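1. With the sequence up front, the predicted model follows.
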Amino acid sequence: MTMNAISAAAAKPDPRPWLAQYPAAVPPELDATKVGTLADLVHAACTTYAARPAFESFGKTISFAETGRAAQAFAAWLQAQGFKKGDRIALMMPNILAYPATIFGALIGGFTVVNINPLYTARELTHQINDSGARVLVVIENFAHVVEEAKPNLKLDAIVIATAGDLMGFKGTIVNFVARKIKKVVKSFNLPGSISLKGILAGPSVMAPVTVSPDDVAFLQYTGGTTGVAKGATLTHRNVASNVEQCALWLGWALEPPLGRSDYQHVMVTALPLYHIFALTCCCMFMLRIGAKGLLIANPRDIAGFVKLLKTSRITLFSGVNTLYNALANHPEIRQVNFEELRFAVAGGMATQAAVARHWKEVTGRPIVEGYGLSETSPVASANRPDISEFTGTIGYPLPSTDFAIRDAEGHDMAPGEPGEICIRGPQVMVGYWNRPDETQKVMTADGYFRSGDVGVLLPDGQIKIVDRMKDMVLVSGFNVYPNEVEEVLASHPGVLEAAVIGLPDEHSGEAVTAFVVKKDEALTAEALRAFCKDSLTGYKVPKQIVFRDSLPKTNVGKVLRRALREEVASHK
């Protein structure tokens, strides 16, 4: 090699500067031989930790062995009904004991899980069921009336009704009585031919052996991507199992039990819904990996009830989004919660605000450890070190076997410190969007990177900092809202001429959906239009603010300029 070549090589930036910042216990690469399937993970956990408590819900705890038996019973029932490996099984529930039982049952049976937000409207549910081709839907009775409304348009072979009290024995009877008669959160519904999950789980639990491969599809995790059309990110067993192992490498060394405590068990506060990819991998699958107990919170919006539960619970791990941490830290009784055993609190789903992180540490003594990922990356792509003493404001370092590239619109790598699109490559990156090769092609590069649509910079020490979003997506309390979808609903109102939707900062939810509307009918009011939206959109997608205008800013070809609206609002502050 010539001296010039040596000088050039020396001057070239290290493509993976983050490796120098890895904890000593963390290898740079994941050992592919250790990545099996999620079915392997379920079987191993339910055997190795059989006697340990696995999940707690409404004061009732079930063991890993009990969870495994319930999963086997659900898988056996699916097989007995003639469903085959690879068939899609949709789950529409909050965090109740029935959720992990049915997820695990579907996975060990070789089926593909389609997670559905239980707050979806009939329109949203119909799209996701029909697009995924799901043959079975398991829905909690609280939202069965939505299924009844959508049923004429659904192509389902079976509907299973779950309850909050399933897997609780006699206590479940009380829980269900309270839900139906006292709190009245269960509306009447009529779904002839549906079957109760309780009956299924009471049946035979012997399932026929199934060979599940790492390349089999484990989840269709729906996301709007960049277009607003909900697409299923196709996640294989290899994708999610790899991400579990990556998390184990990154965090495992910080989770060691106290000296001499071989019986020590971690407890993860699982307030984020399991149908969300963050909770699915980090609070469910990763907890299986380490034999932890999941403290399931069915309704985290009830902050008073949440804090009351935390006051009587042992806590070692916590996961949440910025808005949840903010609400908890500001509750007057939060200081009565014992956080002495809390190892760390992880955050994702939306940007964590520094003021919230400071308040959380003041209350608990622990900083918030922020990570980053997407449905398309199973989800964790990067994370801060678990041993940080202060909140960093970055998304940390790429996980083992994960490469980040910061690129411009033409795909050229940007210099450290220069903003560009965050592109991610690793074993956790999806294989593509379900039945949408055109959309897959838009987000995957020729060299195997997934284009996130987020703008970030690579800091000198290898940390990544997000500075903006390329997408017009609005992030409400960690949930994606896609302007195209909301605009379509607004435009369907007979009194609306045209509409544009953007996200504006909101102290409670991070961002709030704001609609700018040109009226067709002068009598139309904001209240009437919001009521109209509620028939077709989940609550967090309904515009919080509606602004009526005479016209909308547009390009010379007629495309509405959302960017101009954002700039206009900013200029008037």
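-> Arrived safely. Numbering: from 1, shown residues only.
2. Stretch 87-104 spans what distance, first to last residue?
-> Stretch 87-104 has an end-to-end distance of 15 Å (criterion: Cα to Cα, to the nearest Å).
3. three-state assignment of residue 43?
-> What DSSP: H, G, I helix; E, B strand; the rest coil gives for residue 43 is helix.
4. Contacts only, for it.
-> With contact set as Cβ atoms under 8 Å, 6 or more residues apart in numbering, residue 43 has these partners: 68, 108. Where you see a C-beta, it was placed from the backbone N, CA and C, and this is true even at glycine.
5. what about residue 372, neighbour count?
-> 27 (other Cβ atoms under 10 Å).
6. is it true that it touches residue 464?
-> Yes. If you go by Cβ atoms under 8 Å, residue 372 and residue 464 touch, sitting 7.1 Å apart.
7. Mind listing the shared neighbours of these two?
-> Common neighbours of residue 372 and residue 464 (Cβ under 8 Å, 6+ apart) are 382, 395-396.
8. Just give me the neighbour total for residue 241.
-> A count of nearby residues for residue 241, using other Cβ under 10 Å, gives 27.
9. Let me know the helix or strand that it is in.
-> helix 237-251 (DSSP states H and E).
10. That helix: how far from the chain's middle?
-> Relative to the centre of its chain, helix 237-251 is centred 16 Å away, using Cα atoms, centre = their mean, to the nearest Å.
11. after it comes which helix or strand?
-> strand 267-270.
12. now what about that next one, what contacts it?
-> 95, 279, 283-284, 287, 292-297, 310, 313-320.
13. Same question for stretch 327-342: list its buried residues.
-> Buried residues in stretch 327-342, defined by neighbour count with 16 or more other Cβ atoms under 10 Å: 327-329, 331, 334, 337, 339, 342.
14. Show me these that map onto helices.
-> 327-329 (DSSP state H).
15. re earlier: which ones among the shared contacts of residue 372 and residue 464 map onto strands?
-> Those of these mapping onto strands are residue 382, per DSSP state E.
16. Throw the shared contacts of residue 372 and residue 464 into JSON lines and include neighbour count, thanks.
-> Formatted as JSON lines, these follow (neighbours: other Cβ atoms under 10 Å):
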{"residue": "382", "neighbour count": "26"}
{"residue": "395", "neighbour count": "25"}
{"residue": "396", "neighbour count": "25"}
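17. related to what we said a few turns ago, can you flag the buried ones in the contacts of strand 267-270?
-> Taking 16+ other Cβ under 10 Å as the criterion, what is buried in the contacts of strand 267-270 is 95, 279, 283-284, 287, 292-297, 310, 315-320.
18. In helices, which of the residues you listed fall?
-> Short answer: these in helices (DSSP H) are 279, 287, 310.
19. what's the nearest residue to the last one once chain neighbours are set aside in contact with, if anything?
-> It refers to residue 310. Nearest residue to residue 310 in three dimensions, chain neighbours excluded: residue 337, at 4.5 Å (Cβ to Cβ, 6 or more residues apart in numbering). Neighbouring residues of residue 337 by Cβ under 8 Å, 6+ apart: 307, 310-311, 315.
20. Pipe the residues you listed into CSV and attach pLDDT and distance to residue 46 per row.
-> Formatted as CSV, these follow (pLDDT from 0 to 100; distance: Cβ to Cβ, whole Å):
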residue, pLDDT, distance to residue 46
307, 98, 32
310, 98, 27
311, 97, 30
315, 97, 24
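21. For residue 248, state which of those residues is nearest.
-> Nearest to residue 248 among the contacts of residue 337: residue 315, at 20.5 Å, using Cβ to Cβ.
22. Show the backbone phi and psi for the closest one.
-> Dihedral pair for residue 315: phi -130, psi 130, per degrees, to the nearest 10.
23. okay but it is in contact with residue 334, surely?
-> No. Residue 315 is beyond contact range of residue 334, at 12.0 Å (criterion: Cβ under 8 Å).
24. My reading is that residue 161 lies in a strand. Confirm?
-> Yes. Counting by three-state DSSP, residue 161 is part of a strand.
25. could you measure it against residue 57, distance?
-> 17 Å (Cβ to Cβ, to the nearest Å).
26. And residue 218, by the same measure?
-> Using Cβ to Cβ, residue 218 is found at 23 Å from residue 57.
27. longest helix of this structure?
-> From DSSP H, the single longest helix across the chain is helix 64-80.
28. outside of that helix, which residues touch it?
-> Contacts for helix 64-80 (Cβ under 8 Å, 6+ apart): 42-43, 45-55, 62, 87, 89, 100-102, 104-106, 108-109, 111, 136, 167, 197, 200-208, 210, 291.
29. Past it, which element shows up next along the chain?
-> Downstream of helix 64-80, the next assigned helix or strand under DSSP H and E is strand 88-92.
30. May I have the strands that pair with that following strand, each with its orientation?
-> strand 112-115 (parallel), strand 136-140 (parallel) (DSSP bridges).
31. which one of the ones you listed lies closest to residue 445?
-> strand 112-115 (26.3 Å).
32. where does residue 4 land on pLDDT?
-> pLDDT recorded at residue 4 is 47.
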